[in-house]
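> make a model of this:
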Amino acid sequence: TASLSHEIRNPLSSIKMNLQILNGNKKITGNDKRRVDISVSEVIRLEQILNQLLDFAKPLQLNLKPCNIYIILNSYIELLEMKFKEKNLNVVTTIEDEPPTLTADGEKLGQAFINILINAIESSDPFGKICVTFKKIIHQNLEYAGVQIDDEGSGFDEKDKEEIFKPFFTRKTKGIGLGLANVKRIIDVHNGFVRAKKNNNKGASFLIMLPLGNN
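Here you go, the predicted structure:
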């Protein structure tokens, strides 16, 4: 999978670069420019699929360092600012308990957070709200740092609750169903848990729990 992804990535990068050069040509206007824009967008989507395949194919090797999940998650919220603005989505952050410093791989945790945030954006209707809550959780007499991400989107069928973290499971018309599978892999290797539930009113809720002091 990794070899094939690399072989596909090289010509894709060349195609994208040439399309972007064409897109800067002022002679290309109207429907022709729109076609180029669509082509660039689709190449970017293919690159994202390849990245998901590569993340899933390669073994997870953790680079453990002290990190703060509040700082990590907020940096990715800032990174996705334009995507939130495209749908006029409001992001509300609540700190019920101050997130402590964890020994973890901050980059890998960032990948998990961004996958859930992108899911929330894609499933949300315009002018909706995404809530991020930081809290401490006691589970089986152990303390965990918890991050809960709630959206007001389309949610998921209750019958799919046990399936959504499995590789290649998806109900979307686009995508290959590796985003949440990668989330689970990353959280599992940190000895944590990720839970999903359908909200009573609207949307979905994802809870990530990371162990304190014993990871």
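
> hey, let's count contacts and neighbours off CA atoms from now on
Will do.

> tell me, how many residues neighbour residue 71?
Residue 71 has 13 neighbouring residues, counting by other Cα atoms under 10 Å.

> and it, what element?
Taking DSSP states H and E as the criterion, residue 71 maps to helix 69-79.

> which stretches of this structure form helices?
2-23, 30-57, 69-79, 81-86, 106-123, 179-189 (DSSP state H).

> adding distance to residue 143 and mean pLDDT, write the ones you listed out as CSV.
Formatted as CSV, the entries for the helices of the chain read as follows, by distance: least, Cα to Cα, whole Å; pLDDT from 0 to 100:
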stretch, distance to residue 143, mean pLDDT
helix 2-23, 37, 84
helix 30-57, 29, 82
helix 69-79, 15, 91
helix 81-86, 32, 90
helix 106-123, 18, 90
helix 179-189, 15, 89
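
> now tabulate those helices in TSV and tack on distance to residue 150.
Shown next, in TSV, are those (distance: least, Cα to Cα, whole Å):
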stretch	distance to residue 150
helix 2-23	33
helix 30-57	23
helix 69-79	14
helix 81-86	14
helix 106-123	8
helix 179-189	15
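
> the inter-axis angle of the helix holding residue 71 versus helix 106-123?
In terms of direction (axes from the mean of the first three to the mean of the last three Cα atoms, to 10 degrees), helix 69-79 departs from helix 106-123 by 50 degrees.

> contact partners for the spatially most central residue of the chain?
Nearest residue to the geometric centre of the chain (Cα atoms, centre = their mean): residue 115, 0.9 Å. The contact partners of residue 115, by Cα atoms under 8 Å, 6 or more residues apart in numbering, come to 179, 180, 183.

> and if we set it to 10 Å?
Residue 115 is in contact with 52, 109, 121, 178, 179, 180, 181, 182, 183, counting by Cα atoms under 10 Å, 6 or more residues apart in numbering.

> how much space separates the fifth one from residue 81?
Meaning residue 179. 20 Å (Cα to Cα, to the nearest Å).

> between those two, which one's more packed in?
residue 179 (28 against 13).

> chain neighbours aside, what residue packs nearest to the more buried one?
Excluding the flanking residues, the one nearest residue 179 by Cα to Cα, 6 or more residues apart in numbering is residue 115, at 5.7 Å.
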